[in-house]
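> what's the 3D shape of this:
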Amino acid sequence: MTTPTERPQNSGPFRVGDRVQLTGPKGKRNTITLEAGRQFHTHKGLIEHDDIIGKPDGSVVTNSAGIDYLTLRPLLADFAMSMPRGAAIIYPKDAAQIIAQADIFPGATVVEAGVGSGALSLWLLRAIGPAGRLMSFERREEFADVARGNVGTFLGTDPRTWTITVGDLVDTLPDAAPAASVDRVVLDMLAPWECLDVVSDALTPGGVLLCYVATVTQLSRVAEAIRDSGLYTNPASTETMVRGWHVEGLAVRPEHRMIGHTGFLITARRLAPGAVLPELKRRASKSDFNDDDVEAWTPGALGERSVSTKILRKRARLAEAGAAASKARGLDDSEPGATDTPGEAH
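Below you'll find the predicted structure:
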């Protein structure tokens, strides 16, 4: 019998403790956690949890008013968009590009700062696999608590491949990672240029640095800092926008709404010690900046979003409660006679 950390996710019939996404006839979604004998109530009838338990993923159940609902386990993208948040999350579209552009691979040693609400941590943990290592750094204990709860909720356990260090990356990374021991670094913070020295020491030659920033001023500042360091290849910058399409018969057109700008990704690779990057011929551009320009890029001027301590404590409790339920479900699976059916998150 497999252990809770070994059993596959997103497979098998629904069981007590699973999170299930219910989609009604108008496309409205509700997510519930299955409990024996419980009911899910709407203004148009109710659904017995027992009618879902034991059915395969993708089944259709009928409520007491004769209305059909599609039942599915939420995907990681679904969970990330609806989980309790301390800080703003990285959207799935950006997380996918981070995995690709940073070339996150199974077995990689990855540094992530800051951890936010844990959405990107989940994508990175999935990408590095059981042989990898993810070291996450977060300045605020409240955000770290929310992230721990969300990761525990989704995975049903505390992954042994993951650590969270609370503190400033500049102060904590040198003690956590020996020089040239990190394969990839992902920075999601207001002023990533402030961390370049310690990140450069930790990165192995050829390793990838990826920064996620929200504004063009941040993008410019970090790009110039990377160039000025002389330790990296020339940085490449992108943003990702996703537009859905309505496809029904011959009625084929773009959706009226799209997921537009959420952030920029800027990547560069660490040069070998002593290597000098060949100079590229580029058009002349204004790349210099003065103290006034730098001041416009400080965290205070950029307007860091603040969340009250009371709200953060509430979100941390929600995340921790979900993690406790998922871990309890995992312990049930390890008991004799338990079914090796996975539990999936939100």
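> how far away is S220 from V199?
Per Cβ to Cβ, to the nearest Å, S220 is found 19 Å from V199. Yep, even glycine has a C-beta here, placed from its N, CA and C like the rest.
> I meant to write T157 there.
Using Cβ to Cβ, one obtains 30 Å as the distance from T157 to V199.
> Equivalent analysis for K26, please.
In terms of Cβ to Cβ, K26 sits 48 Å off from V199.
> More neighbours: which of these two?
The residue with more neighbours, out of K26 and V199, is V199; 24 against 5, by other Cβ atoms under 10 Å.
> Need the nearest residue in space to the more buried one, chain neighbours excluded.
Distances taken as Cβ to Cβ, 6 or more residues apart in numbering place V185 nearest to V199, at 5.1 Å, with adjacent residues excluded.
> Which element, helix or strand, includes the one you found?
Counting by DSSP states H and E, the element that carries V185 is strand 182-188.
> other SSEs contacting that strand?
strand 109-113, helix 119-128, helix 196-202, strand 203-213 (3 or more Cβ pairs under 8 Å, 6 or more residues apart in numbering; DSSP states H and E).
> Partner strands of the first one and their direction?
Think strand 109-113. Paired neighbours of strand 109-113 in the sheet (DSSP bridges): strand 133-138 (parallel), strand 182-188 (parallel).
> roughly how far is that strand from the heart of the chain?
Distance of strand 109-113 from the chain centroid (Cα atoms, centre = their mean, to the nearest Å) equals 12 Å.
> between it and helix 119-128, how big is the angle?
Interaxial angle, strand 109-113 versus helix 119-128 (axes from the mean of the first three to the mean of the last three Cα atoms, to 10 degrees): 170 degrees.
> is V186 in a bridge, and if so with what?
E112, L210.
> I meant to write V247 there.
Under the criterion used (DSSP bridges), V247 bridges to V252.
> Next one, pLDDT for it please.
Predicted confidence (pLDDT) for V247: 96.
> how many neighbours does it have?
Using other Cβ under 10 Å, V247 is surrounded by 9 other residues.
> try P178
Neighbours of P178 under the rule other Cβ under 10 Å: 10.
> what about the nearest residue to it once chain neighbours are set aside, how many neighbours?
Residue nearest to P178 in three dimensions, not counting chain neighbours: A202, with 7.8 Å by Cβ to Cβ, 6+ apart. By other Cβ under 10 Å, 25 other residues sit near A202.
> What residues does A202 make contact with?
Applying Cβ atoms under 8 Å, 6 or more residues apart in numbering, we find A202 in contact with 111, 173-174, 177-182, 185.
> okay if I get these as CSV plus pLDDT and distance to R139?
Converted to CSV, those look like this (pLDDT from 0 to 100; distance: Cβ to Cβ, whole Å):
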residue, pLDDT, distance to R139
V111, 98, 14
L173, 97, 12
P174, 96, 16
A177, 96, 17
P178, 96, 22
A179, 96, 23
A180, 95, 25
S181, 97, 22
V182, 98, 19
V185, 98, 16
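> would you list those in a markdown table and tack on distance to P273?
Output for the contacts of A202, formatted as a markdown table (distance: Cβ to Cβ, whole Å):
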| residue | distance to P273 |
| --- | --- |
| V111 | 19 |
| L173 | 18 |
| P174 | 17 |
| A177 | 17 |
| P178 | 15 |
| A179 | 10 |
| A180 | 8 |
| S181 | 14 |
| V182 | 15 |
| V185 | 17 |
